[in-house]
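Novice: what would the 3D arrangement of this be:
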Amino acid sequence: MGYVKNDMMNLQERGYDHSDKIVCAGCFGDPFLKNYIKKHGEYGSCSFCKDSNGKARYKKVMPLEKLMPVIMNVINRDYLDAHVALPWDSETKSLLGDTFDPWDFVTDELNQYLECENGKVLLALENILPFEDRCSRYEFSRRQEEIDLQEWNKFCYLVQTSKLSAEQIVTECYRKRASHNLKEIRTTMERIISYLEELNMTERIRPEDTIFRCGTHIGQDFDKKYDIPVIPATLMGTAPPLLTNHNRMSEKGDMMFYGAFKENVAVVEIGAEKDQILTTAKFHTNKIFKVLNLSTLNRCSLPSLFDVEQEEKRSAWFFLMEFMRNISMPVSDFDDKIKEYKPTQVFTKFIQRKTAMAGIVYPSSKFGVTNDQFGVNGERCVVLFVTNRDCIEEEDTSDLSRKQLIMEPNPVQRVVK
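Specialist: Below is the predicted model of the structure:
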């Protein structure tokens with residue numbers, strides 16, 4: 001009797017029953033579970049996966065009981081016993097909140113993360129779990145990424161309604177007597193930076209890398225018109241303050257270099273029209289530039305819910321995907337641009353003033369930014385914190401104490417077809 005009692009207590013403590021079923025990596029679609037079985041399993045026969053002759057396949061397998069602690073990490077963290085967690089409505093004779101019965105919990109709720117297509121595996125999971133209704137732990141609270149997104153939306157509102165420039169906002173929010181709103185802006189920016197660091201979203205642009213910049217303001221016969229033998233780097237590079245306007249990453253009068261890693265992307269980004277004359281120049285850096293690379297997010301897979309060590313990265317991924325969607329959407333109306341660009345202008349100024357980054361690589365807004373696809377097929381743009389005077393010719397002497405861009409000879413002029 002004591003053995004049975006102890007066994008029942010152990011089962012209650014660990015949260016699942018005994019099972020003689022054996023599972024393999026093919027039973028699940030979740031990458032973490034698949035790799036966990038491959039790494040910790042032993043060769044044997046799966047209880048569920050058969051070959052074309054109906055025989056069990058010999059492969060890396062694991063007892064379902066041995067896999068359950070990994071699955072229970074998620075269940076214990078994100079779900080509760082509905083009858084304990086939710087209030088009871090005496091009038092309707094029901095719980096106040098969304099609940100999952102045992103079968104729906106496994107097949108609908110849990111399986112969206114398991115990605116299991118075998119109903120027998122799901123039935124085995126239902127049989128091993130306690131027969132109780134469950135509810136989400138977040139029935140009456142929010143996940144971290146939802147809190148972060150609300151803070152980002154508030155950040156956008158605060159900067160869009162502020163009379164301060166992006167430069168002033170970044171400067172003022174670090175003063176001891178900063179207003180509450182400015183402190184909130186600072187907190188949001190610092191959280192975004194911590195998430196970017198968590199996902200290691202940096203890149204190094206090297207002197208051998210080519211950056212394209214395109215302009216429509218030069219026209220044909222530049223040398224004859226102005227009696228200048230070549231088009232200078234200061235004309236093709238970063239625009240001087242008086243010629244700069246509001247852009248996605250910079251305010252009017254703020255000198256930043258906008259370019260792309262492909263010539264066609266540089267052309268499309270400036271919105272050139274048919275029969276318009278374009279001039280395209282190639283630049284390279286005078287030294288290694290460390291930049292923030294927002295375009296890598298599309299190549300970062302969502303961390304598995306079952307990988308508890310990646311829990312913070314999972315929250316960061318959800319938030320940054322929404323953040324990227326926000327800053328990459330095209331804006332057509334000029335008045336809207338002034339308003340809509342200000343959050344990303346403040347973000348960029350924060351990167352420039354408060355980090356060691358030399359710029360930001362970001363996905364082009366001109367190449368099908370839809371759903372979770374950003375910068376597909378290498379359509380990436382870059383903004384570099386390089387002034388007009390630091391755009392130099394190849395024959396000029398580079399100053400390694402400064403961030404400079406060197407223009408290659410003979411910019412190309414052509415007519416848009």
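Novice: by mean pLDDT, flag the weakest helix or strand of the protein.
Specialist: Of all helical and strand segments in the chain, the minimum by mean pLDDT, DSSP states H and E falls on helix 222-226, at a mean of 51.
Novice: please, where are all the strands along the stretch 251-400 of the chain?
Specialist: In the stretch 251-400 of the chain, the strands defined using DSSP state E, counting those that start in this stretch lie at 257-260, 277-285, 289-293, 359-363, 380-384, 391-393.
Novice: following element in sequence after the least confident helix or strand of the chain, please.
Specialist: Using DSSP states H and E, the next helix or strand after helix 222-226 towards the C-terminus is helix 233-236.
Novice: give me the contacts around that next one.
Specialist: Counting by C-beta atoms under 8 Å, 6 or more residues apart in numbering, helix 233-236 makes contact with 213, 215, 218, 240, 279, 281, 283, 388-389, 391-393, 405-407, 411, all of which sit outside it. C-beta coordinates here come from the backbone N, C-alpha and C atoms, glycine included.
Novice: which among those count as buried?
Specialist: 213, 215, 218, 279, 281, 283, 388, 391-392, 405-407, 411 (16 or more other C-beta atoms under 10 Å).
Novice: in JSON lines: the residues you listed, plus pLDDT and distance to residue 197.
Specialist: Below are those laid out as JSON lines (pLDDT from 0 to 100; distance: C-beta to C-beta, whole Å):
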{"residue": "213", "pLDDT": "95", "distance to residue 197": "29"}
{"residue": "215", "pLDDT": "85", "distance to residue 197": "35"}
{"residue": "218", "pLDDT": "58", "distance to residue 197": "40"}
{"residue": "279", "pLDDT": "89", "distance to residue 197": "38"}
{"residue": "281", "pLDDT": "94", "distance to residue 197": "33"}
{"residue": "283", "pLDDT": "97", "distance to residue 197": "28"}
{"residue": "388", "pLDDT": "95", "distance to residue 197": "31"}
{"residue": "391", "pLDDT": "97", "distance to residue 197": "30"}
{"residue": "392", "pLDDT": "96", "distance to residue 197": "32"}
{"residue": "405", "pLDDT": "97", "distance to residue 197": "26"}
{"residue": "406", "pLDDT": "97", "distance to residue 197": "30"}
{"residue": "407", "pLDDT": "96", "distance to residue 197": "33"}
{"residue": "411", "pLDDT": "87", "distance to residue 197": "37"}
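Novice: what's the most distant pair in these?
Specialist: Based on C-beta to C-beta, the longest span within these runs between 218 and 406 and measures 19.0 Å.
Novice: ok, back up a step: now tabulate the strands of the stretch 251-400 of the chain in CSV and tack on distance to residue 208.
Specialist: Listed next are the strands of the stretch 251-400 of the chain as CSV, based on distance: least, C-beta to C-beta, whole Å:
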stretch, distance to residue 208
strand 257-260, 15
strand 277-285, 7
strand 289-293, 12
strand 359-363, 16
strand 380-384, 15
strand 391-393, 17
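Novice: to residue 165, which of these lies closest?
Specialist: Per C-beta to C-beta, nearest to residue 165 of these: strand 380-384, 17.2 Å.
Novice: determine the set of other helices and strands touching the closest one.
Specialist: strand 257-260, helix 263-269, strand 289-293, strand 359-363 (3 or more C-beta pairs under 8 Å, 6 or more residues apart in numbering; DSSP states H and E).
Novice: again, 6 Å this time
Specialist: strand 257-260, strand 359-363 (3 or more C-beta pairs under 6 Å, 6 or more residues apart in numbering; DSSP states H and E).
Novice: deepest of those strands, which one?
Specialist: Neighbour counts (mean count of other C-beta atoms under 10 Å) averaged over each of the helices and strands packed on strand 380-384 peak at strand 359-363, with a mean of 25.
Novice: and for residue 345, the neighbour number?
Specialist: Residues within reach of residue 345, counting by other C-beta atoms under 10 Å, total 26.
Novice: the stretch 101-250 of the chain: strands as residue ranges?
Specialist: Using DSSP E, counting those that start in this stretch, strands in the stretch 101-250 of the chain cover 134-136, 202-205, 211-215.
Novice: for residue 75, find the nearest of those strands.
Specialist: Nearest to residue 75, of those and by C-beta to C-beta, is strand 134-136 at 7.9 Å.
Novice: quick one: contacts of that closest one?
Specialist: 79-80, 82, 85-86, 97, 99-100, 105 (C-beta atoms under 6 Å, 6 or more residues apart in numbering).
Novice: list just the nearest of these to residue 203.
Specialist: Out of the contacts of strand 134-136, the member with the shortest distance to residue 203 (by C-beta to C-beta) is residue 79, at 38.9 Å.
Novice: returning to that earlier point: want to throw the helices and strands packed on strand 380-384 into CSV with mean pLDDT?
Specialist: Below are the helices and strands packed on strand 380-384 laid out as CSV (pLDDT from 0 to 100):
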stretch, mean pLDDT
strand 257-260, 95
strand 359-363, 90
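Novice: residue 147: which of those is closest?
Specialist: With C-beta to C-beta as the measure, strand 359-363 is the member of the helices and strands packed on strand 380-384 nearest residue 147 (24.7 Å).
Novice: returning to that earlier point: got the strands of the stretch 101-250 of the chain as CSV, with distance to residue 356 columns?
Specialist: Converted to CSV, the strands of the stretch 101-250 of the chain look like this (distance: least, C-beta to C-beta, whole Å):
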stretch, distance to residue 356
strand 134-136, 41
strand 202-205, 10
strand 211-215, 20
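Novice: residue 271 is nearest to which of those strands?
Specialist: Counting by C-beta to C-beta, residue 271 lies closest to strand 211-215 out of those; the figure is 10.3 Å.
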